[in-house]
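# 3D model of this:
(2 chains)
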Amino acid sequence: MGPRLLALIVKEFLALFRDRKSRLAVIVPPILQLLIFGYAATFDLEHATLAIYNEDSGAFSRDLIGRFERSPAFEVVGYLRSEEEIKPLIDRKGALLVLRVGEQCSANVAQGESCAVQALIDGRNSNTAMLALNYVRSIITDFNEERIEQTTGTSLPARLAIRAWFNPNLESRWFIVPGIVALLAMIVTLVVTALSVAREREAGTFDQLLVTPLRPWEILIGKAMPGLIVGVGEASLIVAAAVYWFRVPLVGDLLTLYPALIIYVLSIIGIGLMISSFSATLQQALLGSFLFIVPAVTLSGFSTPIANMPDFMQALTYLDPMRYFLTIVRRVFLEGAGSEYFWNDLWPMSLIAVATLSLATWLFRHRMY
Amino acid sequence: MKPGPLLRLRGMIRKEWLQVVRDPSSIAIAFFLPLLLLLIFGYGVSLDATNIRMGLVIEQPDTASLSFAGGFEQSAYFAPVRLASIQEAEAALRASAIDGIVWLRHDFGADSLSAQSPPIGVLVNGVDANTARLIEGYVQGIWFGWLEQQAERAGRPLRSPVQLEQRIWFNPQVRSTDFLVPGILAVIMTLIGALLTALVIAREWERGTMESLLVTRISVNEILLGKLIPYFILGMGGLLLSLVMAHVLFHVPLRGSLWLLFAVSALFLWVALGMGFFISTVFRSQFVAALVAMISTFLPAFILSGFIFDIRSMPAFIQGVTYLIAARYYVAILQTLFLVGNVWSVILPNAAALTAMGLFFHGLVYRKTRKRLE
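Next up, the predicted model:
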């Protein structure tokens, strides 16, 4: 590394860290985001509010309702006495669901018939509604299974032995928190790099940089360095927090994770520099990075599975570097998967990195205002 | 009224408007990004699981095991694959080629006939916990269907003691579009109201043009109003566009009143503008203002508002934090107005909270800007 290049890199770091505000902006927000989103982004429903309307007075329905009262998934917020109470309660979000047990429940069961149970669920948030319904179903299935075995005295022709690999208690935090590594590495790297060229363009110093003896690839390295260091550094911080704070198991190997992380950050730097070269002002660079971040995050599979998207959208996700790194970071964390599984994720990401970085270098010289 | 102040205000609005319209990047934020968000979230970004790749290992194909496997082939949720051995299946699960395994051992059929209750081994990849839980539910359903079928075949029909009837109110088909599209309005309004405004005004402070404005005869009120109005129009324009798309493209029902929706949206936009003004006035640098706006307004509107992640699922501490997020109140009203109707017991408290937040932020901005003059 020549002294020329070294001087440029030092200058780039000084430009980023020179004032206290932007220094803080690179360090504090990611930590806040990690803490808040690490806790907030969860699909596990606990203590869902449940109201019970039991028209039956027999032992059978009491037994069934006891199952719901003891389940950690539900919190009973009230016992209703009439049908008229149901609608206003759900409308004003007083309860997520109402469990209604029919009048003849215990009597029917005594005669070998079925007890009718209604689950009335607030569908305003359809995901929550489905989750709640799933919990209701599994409580009732277990209850039915036991009852059948008790009354018929014979065992069922088969039973299910369900096990989940890699995340035995099915905690969605284990899924979301490693994803935040990918999310924050992208946001921080992109903002830092996108600003670097645009700031100089706005100040008019970029033209001066272009007429120095520095070659375009040297400018590229100089401009890429702060993003690379800050991006990888911050990702490492989050990996550490995921392991020591959120207690997400890191089963895999850091030697598998880091090469992938570096390629990922490089591809983001390429995109950041491209946005930066296209922008005439700082403001355009910021808005441009934003225009990239939002679709990139939503298409990456961070919060909703790619497999559920329509085909044309699934095709778009192949252009999104976050898609690949997200898969890698989650599988390294939870499955302990080694590099041999990731070739199909690594090469497209590398391709994106090479393409965007070369294009950005070319744009340095060919986009002049 | 003297023509002076009005003319000044008009000039101020005109200047702001041109500043927005002439910069392609702010137009992109105001129109292109909302469009993109609506398309992404409108077209079935969903958490449901379909086409689950399930590996079936049947060591001894006989009537019992084949009829069980048949349940997977007929299910709309599963795309089953037959695999020869459990070793092969586990390797496929490790390589993420399949999402789960159903393993029927060679003595399954015989044991089930002699009522020894043989275990059906089910393994799911738990990395995506939400999907895994759905898969478990579907497997349970298939298993129970199979039990009923077996009992019927044996001549003693199985009557499950509890018969569950489920009713999902307001969204019986459980379309996630119906709840994501109203929620995304809050994100879009935050985008235009808070983020874009924070950036543009911070730029004026950064370049010193705000000071030049302050030394003219124009009053603080006029400056603030002159800046408020163009972004307000832009935001309401974004809202209108989104509403048309929600209705025409995604067929999201609007069960409440349209006027109420406009009124509440105007209220929220006013709050968002207050936050945008506040951030830019305090931080005065585009870089910092952008980051702060993103972290304190945009990301919370996405994650802490109840738009995707249900607030009721969050830990108590985070639930407390969400009360500070304006988008939370707006999302609550939106979901209710679109899917339920004019439920005043939801709308009024949330609108009151929004009003209080708006007064707080605009009051602070007014005081802060006035101080600079002295």
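
# Just want the residue of the stretch 1-150 of chain B that's nearest chain A.
B:G126 (3.3 Å; Cβ to the nearest Cβ). (Each C-beta comes from the backbone N, C-alpha and C, glycine too.)

# State the distance from that residue to A:R330.
Plainly put, B:G126 is 11 Å away from A:R330 if you go by Cβ to Cβ, to the nearest Å.

# Please save the CA atoms from the helix or strand where A:F292 lies in PDB.
Using DSSP states H and E, A:F292 sits in helix A:282-299. Taking Å, rounded to 0.1, in the frame of the first residue of the first chain, the C-alpha atoms of helix A:282-299 are listed here in PDB:
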ATOM      1  CA  LEU A 282     -25.600  14.900   0.000                       C
ATOM      2  CA  GLN A 283     -29.400  14.900   0.200                       C
ATOM      3  CA  GLN A 284     -29.800  12.900  -3.000                       C
ATOM      4  CA  ALA A 285     -27.200  10.400  -1.700                       C
ATOM      5  CA  LEU A 286     -29.100   9.900   1.500                       C
ATOM      6  CA  LEU A 287     -32.500   9.600  -0.200                       C
ATOM      7  CA  GLY A 288     -30.900   7.300  -2.800                       C
ATOM      8  CA  SER A 289     -29.600   4.900  -0.100                       C
ATOM      9  CA  PHE A 290     -32.900   5.000   1.500                       C
ATOM     10  CA  LEU A 291     -34.600   4.100  -1.800                       C
ATOM     11  CA  PHE A 292     -32.300   1.100  -1.900                       C
ATOM     12  CA  ILE A 293     -32.600   0.000   1.800                       C
ATOM     13  CA  VAL A 294     -36.300  -0.200   2.000                       C
ATOM     14  CA  PRO A 295     -37.000  -2.600  -0.800                       C
ATOM     15  CA  ALA A 296     -33.800  -4.500  -0.100                       C
ATOM     16  CA  VAL A 297     -34.900  -5.200   3.400                       C
ATOM     17  CA  THR A 298     -38.400  -6.100   2.600                       C
ATOM     18  CA  LEU A 299     -37.400  -8.400  -0.300                       C
END
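
# Which SSE is immediately downstream of it?
Using DSSP H and E, the helix or strand that follows helix A:282-299 towards the C-terminus is helix A:311-317.

# buried sites along that following helix?
Buried residues in helix A:311-317, counted by 16 or more other Cβ atoms under 10 Å in any protein chain shown: A:M313, A:T317.

# who are the neighbours of that helix, in terms of helices and strands?
helix A:282-299 (3 or more Cβ pairs under 8 Å, 6 or more residues apart in numbering or on different chains; DSSP states H and E).

# related to what we said a few turns ago, by contact count, what packs against the helix holding A:F292?
Applying 3+ Cβ pairs under 8 Å, 6+ apart, one finds that helix A:282-299 contacts helix A:172-203, helix A:254-278, helix A:311-317, helix A:321-330, helix B:24-27, helix B:33-42, helix B:197-207, helix B:286-293.

# ok, is whatever helix or strand A:I148 lives in in contact with chain B or not?
Assigned by DSSP H and E, A:I148 belongs to helix A:126-152. Yes: Helix A:126-152 is in contact with chain B by Cβ under 8 Å from any Cβ of the partner chain, via A:126-131, A:133-134, A:136-138, A:140-141, A:143-144, A:147-148, A:151.

# among those, which ones are buried?
A:126-131, A:133-134, A:136-138, A:140-141, A:143-144, A:147-148.

# residue ranges of the helices in the stretch 251-374 of chain B, please?
B:258-283, B:286-293, B:299-303, B:316-322, B:326-339, B:344-373 (DSSP state H, counting those that start in this stretch).

# tell me the domain ranges of the chain?
Going with chain A. A:3-41+A:171-366, A:48-152 (automatic domain parsing).

# that's the wrong chain, I wanted chain B
Chain B is divided into the following domains under automatic domain parsing: B:3-45+B:174-373, B:52-153.

# Setting aside sequence neighbours, what's the nearest residue to B:D128?
Of all residues not flanking B:D128 in the chain, A:F175 sits nearest, at 5.4 Å (Cβ to Cβ, 6 or more residues apart in numbering or on different chains).

# Let me know whether B:N350 touches B:A332 as I believe.
Yes: B:N350 lies in contact with B:A332 (Cβ atoms under 8 Å); the separation is 5.1 Å.

# hmm, the helix or strand hosting A:I352 in reach of chain B?
Counting by DSSP H and E, the element that carries A:I352 is helix A:343-366. No: with Cβ under 8 Å from any Cβ as the criterion, chain B is not reached by helix A:343-366; the gap is at least 10.1 Å.

# which strands and helices sit next to that helix?
Against helix A:343-366 (3+ Cβ pairs under 8 Å, 6+ apart) you get helix A:216-244, helix A:254-278, helix A:321-330.

# For A:Q33, list the residues it contacts.
A:Q33 makes contacts with A:I180, A:L184, B:I295, B:L299, as judged by Cβ atoms under 8 Å, 6 or more residues apart in numbering or on different chains.

# Those: which two are farthest apart?
Using Cβ to Cβ, the two most remote members of these are A:I180 and B:I295, lying 13.4 Å apart.
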